[in-house]
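Engineer: predicted model and sequence below, questions to follow.
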Amino acid sequence: MAILPPLPDDPLVVEVTDFAARHKLADRYRELDRNPAFPREEYRAMGRAGLLGLGTSTALGGRGLSLPQVGLALFHLVYRSGTVFGKLSIQPEFSSVLADHGSPELVEEWFRPMVRGDKVVGNQITEPGAGSDAQGMTLSATREGEGYVLTGEKSEVALCLDADAAIVYGRVPSEDPRGKVTAFLVPQDLAGITRDPSSGDLGERWQRRGLVTYDHVRVPLRYRLGEEGMGFEYLRTELTHDRALLAAIYLGAAYTSWEATVDYARQRTVFGKPLARQEAVSFSLAQDFARLSADWLYTLDALSRLERGEDAAAEAALVKWVAVEDGLRAIDHAIQFHGGRGYSQDLPHEQRWRDVRAGGIAHGPSEIMLVVAAHELRTRQTPAPPR
């Protein structure tokens with residue numbers, strides 16, 4: 001059997017593989033789809049094992065791994081368990097705005113406990129009238145005395161019911177009619193916060209997304225992250241790294257289904273010969289392998305560029321786009337070639353498809369990924385070739 005990512009005997013790969021097996025994460029992945037809840041026990045275990053914040057600096061309690069190493073670990077973690085645990089692993093990276101721009105006191109109170117698995121910090125960006133256009137958000141953050149008053153709504157909020165605190169983006173009134181986007185760390189038990197879960201999602205149900213309403217919520221000044229008006233710039237930097245890491249997660253899920261389908265096709269006999277020898281099947285599986293392999297190399301290249309500090313916003317957007325597109329195609333083939341059982345919930349392919357499908361929307365929809373890439377490539381003086 002071909003191994004898509006290199007170095008399968010890498011100590012880091014062995015570590016995440018052993019952890020997934022020991023904690024039966026693959027079974028838990030299936031359970032969380034049927035009975036959605038935040039997996040706090042596994043989250044804490046990952047924190048104790050040093051699997052939260054793999055790319056977070058050692059000074060902040062993380063492992064300080066390079067981005068390509070983090071990508072390799074995420075791929076194999078998802079390959080052995082499911083997208084849930086890949087997303088949990090980089091929850092600190094999803095909250096890097098707190099680590100980079102929060103006060104030392106906030107980092108000690110919230111970020112370090114998150115890396116240990118003791119606290120959950122979410123992100124709240126999207127609003128009922130502002131999704132892809134984050135600059136269109138309207139939640140207001142009005143300065144009053146030694147703090148701010150937040151008023152408005154955040155929608156499609158992941159970890160709506162389970163986050164202990166959230167990084168919330170709001171607008172401080174200014175001469176600019178669109179206001180200044182500013183980031184805040186907001187404990188979710190403050191007076192005036194209402195959290196309403198949705199009726200359920202197609203996939204990634206463990207996140208229990210929903211609507212969070214802020215009704216004149218008073219937030220002390222110390223909870224502001226960085227400078228007024230810089231929130232969108234902070235967010236853009238974080239999203240670039242997140243997108244490239246998410247590509248590794250989606251590819252890990254797709255490769256699992258591809259590999260299972262190859263094994264099944266070797267054993268299943270149709271019209272007197274193995275399904276794997278039927279060209280309608282074998283050609284599709286070969287094409288999927290080529291696409292997933294190319295996407296993996298492209299993802300490693302993007303992560304390497306980011307690790308070197310290069311401008312790789314276009315590459316990060318594009319690897320997320322292709323990982324979702326090609327990942328969905330490969331998983332769809334897994335469902336198709338397993339026949340009626342592939343379409344059922346007896347096998348995990350349909351769950352993986354639903355979870356990877358979320359990648360075409362979350363952290364920037366696929367259409368916006370192309371907008372970002374087109375803009376970045378158009379404005380570069382000389383587009384950088386792959387290395």
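Structural biologist: Cool, got the structure. Because the structure is a prediction, the values reported are computed rather than measured.

Engineer: where does pLDDT dip in the stretch 151-300 of the chain?
Structural biologist: 177-179 (pLDDT under 70).

Engineer: can you give me the helices for it?
Structural biologist: Ranges of helices within the stretch 151-300 of the chain are 231-267, 279-307, based on DSSP state H, counting those that start in this stretch.

Engineer: out of those, deepest packed?
Structural biologist: helix 231-267 (a mean of 23; mean count of other Cβ atoms under 10 Å). (C-beta placed from N, C-alpha, C; glycine too.)

Engineer: quick one: that helix to helix 279-307, angle?
Structural biologist: Interaxial angle, helix 231-267 versus helix 279-307 (axes from the mean of the first three to the mean of the last three Cα atoms, to 10 degrees): 150 degrees.

Engineer: would you pull up how far helix 231-267 lies from the middle of the chain?
Structural biologist: 9 Å (Cα atoms, centre = their mean, to the nearest Å).

Engineer: check stretch 151-170 too.
Structural biologist: Worked out by Cα atoms, centre = their mean, stretch 151-170 lies 16 Å from the chain centre.

Engineer: restrict that stretch to CA atoms and write it as PDB.
Structural biologist: Extracted as PDB, the C-alpha positions of stretch 151-170 are listed here (Å, rounded to 0.1, in the frame of the first residue of the first chain):
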ATOM      1  CA  THR A 151     -23.800  45.100  21.400                       C
ATOM      2  CA  GLY A 152     -24.800  42.900  18.400                       C
ATOM      3  CA  GLU A 153     -24.900  39.300  17.300                       C
ATOM      4  CA  LYS A 154     -22.400  36.700  16.100                       C
ATOM      5  CA  SER A 155     -23.800  33.800  14.000                       C
ATOM      6  CA  GLU A 156     -22.600  30.300  12.900                       C
ATOM      7  CA  VAL A 157     -20.500  30.300  16.000                       C
ATOM      8  CA  ALA A 158     -18.500  27.100  16.500                       C
ATOM      9  CA  LEU A 159     -18.300  25.900  20.100                       C
ATOM     10  CA  CYS A 160     -21.300  28.200  20.800                       C
ATOM     11  CA  LEU A 161     -22.200  26.300  24.000                       C
ATOM     12  CA  ASP A 162     -18.800  25.000  25.000                       C
ATOM     13  CA  ALA A 163     -16.300  27.900  24.700                       C
ATOM     14  CA  ASP A 164     -15.200  29.300  28.100                       C
ATOM     15  CA  ALA A 165     -14.200  32.500  26.300                       C
ATOM     16  CA  ALA A 166     -14.100  33.700  22.700                       C
ATOM     17  CA  ILE A 167     -12.100  36.100  20.600                       C
ATOM     18  CA  VAL A 168     -14.800  38.500  19.400                       C
ATOM     19  CA  TYR A 169     -14.400  41.100  16.700                       C
ATOM     20  CA  GLY A 170     -16.400  44.300  16.900                       C
END
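
Engineer: may I see the buried residues of that stretch?
Structural biologist: Residues 151-170 are the ones in stretch 151-170 that count as buried (16 or more other Cβ atoms under 10 Å).

Engineer: mind checking which of these land in strands?
Structural biologist: 151-157, 165-170 (DSSP state E).

Engineer: including distance to W206, could these go into TSV?
Structural biologist: Putting these into TSV (distance: Cβ to Cβ, whole Å) gives the following:
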residue	distance to W206
T151	30
G152	26
E153	23
K154	19
S155	19
E156	15
V157	14
A165	19
A166	17
I167	20
V168	22
Y169	24
G170	27
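
Engineer: so which of these comes closest to G47?
Structural biologist: Nearest to G47 among those is A165, at 16.0 Å by Cβ to Cβ.

Engineer: count the neighbours of G117 for me.
Structural biologist: 23 (other Cβ atoms under 10 Å).
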